[in-house]
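Trainee: here you go, sequence then predicted model.
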Amino acid sequence: MSPPTSPLIHLIDDDAAVREALARLIGTVGLRVQSWADPQAFVAGFDREGIGAIVLDIRMPGSSGLTVLDTLIAQGVDQPVIMLTGHGTVDLCRRAFKSGAAEFLEKPVDDELLLEALQKAVRAHVRSRQRHQADRRARERYALLSEREREVLSLIVAGLTNKEVGRALTLSPRTVETHRANLFAKLEAESLAQVIRQYADLAEGGGRAPDA
């Protein structure tokens with residue numbers, strides 16, 4: 001499913017008055033809101049591919065917010081989660097952050113604090129998705145390289161000259177140049193700096209970059 005054109009905030013709270021008030025508030029900064037009264041219905045039905053954030057009340061009948069948060073994290077959901085509670089304690093706050101919450105706010109929620117936290121969360125999620133997409137494209141491009149091109153790439157990234165690469169792999173300088181040109185084309189890179197940057201990003205993202 002394609003992500004929506006604008007961020008969507010999922011608001012989960014069993015109190016209808018709270019949902020209505022917070023939805024109006026969030027809408028004042030141009031963010032779309034989808035409200036949920038039932039946390040289980042939210043877990044089963046929300047769009048995991050969308051861009052945005054989740055506002056989750058901790059104390060709800062049937063399933064606590066912390067339980068929902070644990071479920072989301074276990075399922076690999078990457079939308080930032082802001083926890084709300086009317087009965088905040090240091091231990092509860094610690095548990096929420098340990099479970100993966102992006103923010104922990106007490107009710108009655110300060111309007112500016114909530115809006116600031118949401119806008120920060122949405123920006124972070126957009127950056128995270130952009131980085132994920134860039135990593136995926138880098139892995140796809142790297143997969144196009146032949147085994148020999150990967151060997152040449154690893155030596156180039158290690159700082160070897162074309163002549164040194166040729167000696168290491170028992171290749172002529174002309175053959176090294178050909179492999180170098182081919183891997184640059186497949187990686188869609190216009191400079192050595194771009195190749196090195198892609199190689200580093202691939203390694204940081206868990207891709208199968210060869211050891212330099």
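Mentor: Happy to help now that I have it.

Trainee: ok, the residue nearest to the spatial centre of the chain - contacts?
Mentor: Central residue check for the chain by C-alpha atoms, centre = their mean: the C-alpha nearest the mean position is that of Ser128, 3.2 Å away. Under the criterion of C-beta atoms under 8 Å, 6 or more residues apart in numbering, the neighbours of Ser128 are Asp78. Quick note: C-beta positions are derived from backbone N, CA and C, even for glycine.

Trainee: domain-wise, how is the protein divided?
Mentor: As assigned by automatic domain parsing, the chain contains the domains 8-130, 143-204.

Trainee: now the last one: mean pLDDT?
Mentor: Per-residue pLDDT over domain 143-204 has a mean of 91.

Trainee: could you do stretch 84-92 as well?
Mentor: The predicted model assigns stretch 84-92 a mean pLDDT of 81.

Trainee: count the neighbours of Ala181 for me.
Mentor: 10 (other C-beta atoms under 10 Å).

Trainee: next: Asp57.
Mentor: Residues lying near Asp57 (other C-beta under 10 Å) number 22.

Trainee: again with Asp70
Mentor: For Asp70, the tally of surrounding residues (other C-beta under 10 Å) stands at 14.

Trainee: now it: which helix or strand?
Mentor: Of the helices and strands defined by DSSP states H and E, Asp70 is found in helix 65-74.

Trainee: ok now the following helix or strand past that helix, how far from the chain's centre?
Mentor: Stepping forward along the backbone from helix 65-74, the first helix or strand reached (DSSP H and E) is strand 81-85. Distance, stretch centre to chain centre, for strand 81-85: 19 Å (C-alpha atoms, centre = their mean, to the nearest Å).

Trainee: do stretch 168-179 as well
Mentor: 39 Å.

Trainee: what's the answer for stretch 109-125, then?
Mentor: Relative to the chain's own centre, stretch 109-125 is displaced by 17 Å; criterion: C-alpha atoms, centre = their mean.

Trainee: quick one: the helices in this structure?
Mentor: 16-27, 39-45, 65-74, 90-99, 111-142, 147-157, 162-169, 173-186, 192-204 (DSSP state H).

Trainee: what does the third one contact?
Mentor: In this case it means helix 65-74. Taking C-beta under 8 Å, 6+ apart as the rule, helix 65-74 contacts 12, 39, 42-43, 54, 56-59, 79, 81, 83-85, 95-96, 99-101.
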